[in-house]
Each structure stands twice: as structure tokens, then as C-alpha cells.
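Enquirer: Output the structure for:
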Amino acid sequence: MELYKNKKMLEEKVFKDPIHRHIHVRDQVIWDLIKTKEFQRLRRIKQLGTLYLTFHTAEHSRFNHSLGVYEIVRRMIDENFEGRDTWNSDNRLVALCAALLHDIGHGPFSHSFEKIFNTNHEQFTNDIIIGETEVNRVLSTVHESFPAEVASIIDKTHKDKLLISMISSQIDADRMDYLQRDAFYTGVSYGSFDMERILRVMRPTEEEIVIKESGMHAVEDYLMSRYQMYWQVYFHPVSRGGEVILNLVLKRAKQLYQQGYAFNTIPKHLLPFFNENVSVKDYIRLDEAVIYYYLQEWIEEDDEILSDLARRFVHRDLFKYLPFDGSQITIMELTELFEQAGINPEYYFFSDSYSDLPYDYDRPGSKSNRKPIHLLSRNKKIKEISSQSVIINSITGKKRQDFKLYYPKEKIMNIQDESIKTKILNLLNELH
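Expert: Numbers count the residues shown, from 1 in each chain. Below you'll find the model as predicted:
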């Protein structure tokens, strides 16, 4: 087992990558994990879900991203941490494995899928790592308790908080990869920041990664890049509109199944999810290619709502959207009018809200449980970054929230009762 843990490949494997130029694999364990069917499945899971409906090149996968997070952690350790008194070199392999596998439990379209079928990608990450899987067999070859140790870093229960902070903190390898990767594949410049500088000024401590004070401005740039990416890309209203349609079509399919509806094409891969009795084997069999197949088939279903919603998603015929103030009175009024017009508001009227907190930390009067980003001064004192940075202080604890209403405009325009149509249009126009 010890031999396998330290085993190096005869020849280094190198992945070409548009973000890191090259991703280097020399450890046999890492190479064996990449070859497992559970990890290869991530090639068939998009990193950004429905975002490709707005940013047409956003087709990259969680496989790409997972390799990127691994590479950043490898560089942290091999180029910066190794040899420092506060870094335990025995932790190198477990940190690399946790970085590589941190997203192994994501399902198709990730968060949309979880909302409808009550699945949890974090739980499935744990189940894939410690269950009867190829991933588990590789990790268990290192030693019997190694899978559980890897899982404990990802679920943030490991006793070594430094290892957790490397892949899950407010400045970690996960965020540093996805911001740059998502910016590259969406064609925007918001996610750009000086990662090389940040990696050079990172220092390991017993509890966390800290940043040398001289690197503060690079962290400012990183946090502002994150802020811009959320509001310009991740929360783009058209992208959210695609997610709305996907949520509704999956919800309709599940509801029809529970009502005993006879599907023309039985969605057998989804039956465990409809029944909410999903094994790891069921979960691994499902990817976005399977979901796309059923969406295509559902266009031909007899149920008008399922057919229409599936068609809208496949052919990108999305709902219109409007900003609104979050008023439940507006929602109630429009819901009643939709019902009177014969338009099912459960599937054709949707309010969406989203919010972001770019930086915060646990402090008196704060509701945050986040760990702060700490700076290491020349005299070795630790300082919380917003106390030193005017820029970061300006966004600390500042939560921004937005609301959108989604609806099918053509259905409203086709309402036969002119008085109801006018009332709906007037209410919607007031929101402009």
C-alpha cells in the first residue's frame, strides 16, 4: 500500500489546458482516478448547466474544471508549500485526491436537477468516494481509511483545516479555476485576475492558507472578478430563464409519473429519481446526454404542458422576463389572472430570486459563518483583509439581491378575454 501511495509513473502525463497551459500528472493514484468511470462521467456534465443558452461557447465540463482544481493544488504544494515548516508533506496525496474529486457527485444540470428530485451532490460525492465504486477501489489501495480521509476534506470535517481551506474557502483552488475557466469559455473578461501572483504569496499555516500582505492587491482583483462574474454571467437573466424552463419540464415529468401518466417513451433512467429512491449506481448512469434524450422524446408526448416545455428548452424558446420588487401581492394578482385566463400558473408563471455576498466573515453582528481571508504581515502578524483594504471593506457583508418574473408572452397575447389580457399586460407594464 505504501508503495502505491508513493508510486510515480514512468512518464509524466500532460493534459493541454487553455487556462493552465498544461496539467501535470505524475502520481499513479491520480492517473488511476482519472481513468475511473465515475470521473470520466464528468465529461458528460457541463460545468455551467444551462448557461450555454446565453453564452454559446460555455460547453466546458466538470471534468475540465476538476483537472484544473487538481493542478492548482498541485502547484500550491509542489511550487510553494513543500519544504515549509507549516506544511506536512504526508498530506500531499490526500490533498491532490480531494481536489480532483471535489465535484465527483455533481449530476446533470447540477442545481436544477437537485431542486426537483431532492438529490444532494455533496452527499453523492461522499457516497461515490466511500461506496462500492471504481473511485473507492483506487483510493482504498492507498490504505483502508484513505477514502474516508479524502471525503472528510471535501465535506469539511477533516481535522486539518489547512487542507480544507485549499479547496473550500473564500480564496481556494476551486474558485480560482472556475472563475478563469468560466470567463474563458463564456468569452468575457470579468474573471481575469493574477493567479500567478496569488499562488506565489500564499503561505500555509496550521489552520488555513494566508496571503502575504504584499499580495493584497491581487486578492482585491480576484474578489472583484468574482463579484462581476456572478452578476454578469452566473446570474444572467436569460441563462436563469433556461434553468427555469428546465426546472418546470422536470417538475412536470415527475408530477405526471406520480399521477400514473403513461409515457410514450418510459424514462427508465429517471424512475429512481421520480420515486426518490436513488442508488449510487442509478446516479452514475445519469448524465446530460440521457436527459437530452428524454427532453427530445417528451416533445412528442400527449401531455400538452410537458410537450410544450420540452420543446421550449430544446429549441430555446424561452419565457420573457421582467424585473420586479419581490412583492407577493404582485405574484398573487398575476397568478389569479393567469388562472382566470386558463393558463396554468404552476408551469407558465415563475418568480426567480437570487443573491450574492461577495465577501464576508464571522464577526460580531454578522450572520455569516464564513472564514475570513487573512493577510500575513512582515512582522508575522495575521490581519483580516477588509481591515487593510478599502476596496474589500466596501463590499464586505454587502448582500445584493435581484428578482425576476418569467412568463410566456405569446400565451398572454392569445388570451381571448380582452379584459383579463388587459389587466395582465397593465400589471406587467407597471414592472418595466
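
Enquirer: for the helix of greatest length in the chain, which positions count as buried?
Expert: Looking across the chain with DSSP state H, the single longest helix is helix 237-258. Judged by neighbour count using 16 or more other C-beta atoms under 10 Å, the buried positions of helix 237-258 are 237, 239-257. The C-beta positions use only the backbone N, C-alpha and C, and glycine is treated the same way.

Enquirer: That one - contacts with which helices or strands?
Expert: helix 110-117, helix 271-274, helix 288-298, helix 304-314, strand 320-323, helix 345-348, strand 350-356, strand 400-407 (3 or more C-beta pairs under 8 Å, 6 or more residues apart in numbering; DSSP states H and E).

Enquirer: what do you get if the cut-off is 6 Å, keeping everything else the same?
Expert: Applying 3 or more C-beta pairs under 6 Å, 6 or more residues apart in numbering; DSSP states H and E, one finds that helix 237-258 contacts helix 110-117, helix 304-314, strand 400-407.

Enquirer: Could you dump those into a markdown table with mean neighbour count added?
Expert: Below are the helices and strands packed on helix 237-258 laid out as a markdown table (neighbours: other C-beta atoms under 10 Å):
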| stretch | mean neighbour count |
| --- | --- |
| helix 110-117 | 19 |
| helix 304-314 | 20 |
| strand 400-407 | 18 |
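
Enquirer: out of these, nearest to V188?
Expert: strand 400-407 (18.5 Å; C-beta to C-beta).

Enquirer: Who are the packing partners of that closest one?
Expert: Strand 400-407 packs on helix 237-258, strand 320-323, strand 350-356, going by 3+ C-beta pairs under 6 Å, 6+ apart.

Enquirer: Spell out which strands sit alongside the last one in the sheet and which way each one runs.
Expert: The one in question is strand 350-356. Using DSSP bridges, strand 350-356 pairs in its sheet with strand 400-407 (antiparallel).

Enquirer: what's the model's confidence in the partner strand, averaged?
Expert: The pLDDT scores in strand 400-407 average 92.

Enquirer: what's the distance between that strand and the middle of its chain?
Expert: For strand 400-407, the separation from the chain centroid amounts to 20 Å (computed by C-alpha atoms, centre = their mean, to the nearest Å).

Enquirer: C-terminal to it, which secondary structure element comes first?
Expert: helix 409-413 (DSSP states H and E).

Enquirer: if we can go back for a sec, got the angle for the longest helix of the chain vs strand 400-407?
Expert: With axes from the mean of the first three to the mean of the last three C-alpha atoms, to 10 degrees defining the directions, helix 237-258 sits at 60 degrees from strand 400-407.

Enquirer: now helix 237-258: mean pLDDT?
Expert: 94.

Enquirer: picking that back up, would you convert the helices and strands packed on strand 400-407 into a markdown table that also reports distance to K159?
Expert: What follows is the helices and strands packed on strand 400-407, written out as a markdown table (distance: least, C-beta to C-beta, whole Å):
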| stretch | distance to K159 |
| --- | --- |
| helix 237-258 | 38 |
| strand 320-323 | 46 |
| strand 350-356 | 31 |
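
Enquirer: between these, which gets nearest to A95?
Expert: Closest among these, using C-beta to C-beta: strand 350-356, at 28.2 Å.

Enquirer: contacting residues around the next helix or strand after that closest one?
Expert: Later in the chain than strand 350-356, the nearest helix or strand by DSSP H and E is strand 374-376. Contacting residues not belonging to strand 374-376 are listed as R203, V210, I211, K212, E213, I382, K383, I385, Q388 [C-beta atoms under 6 Å, 6 or more residues apart in numbering].
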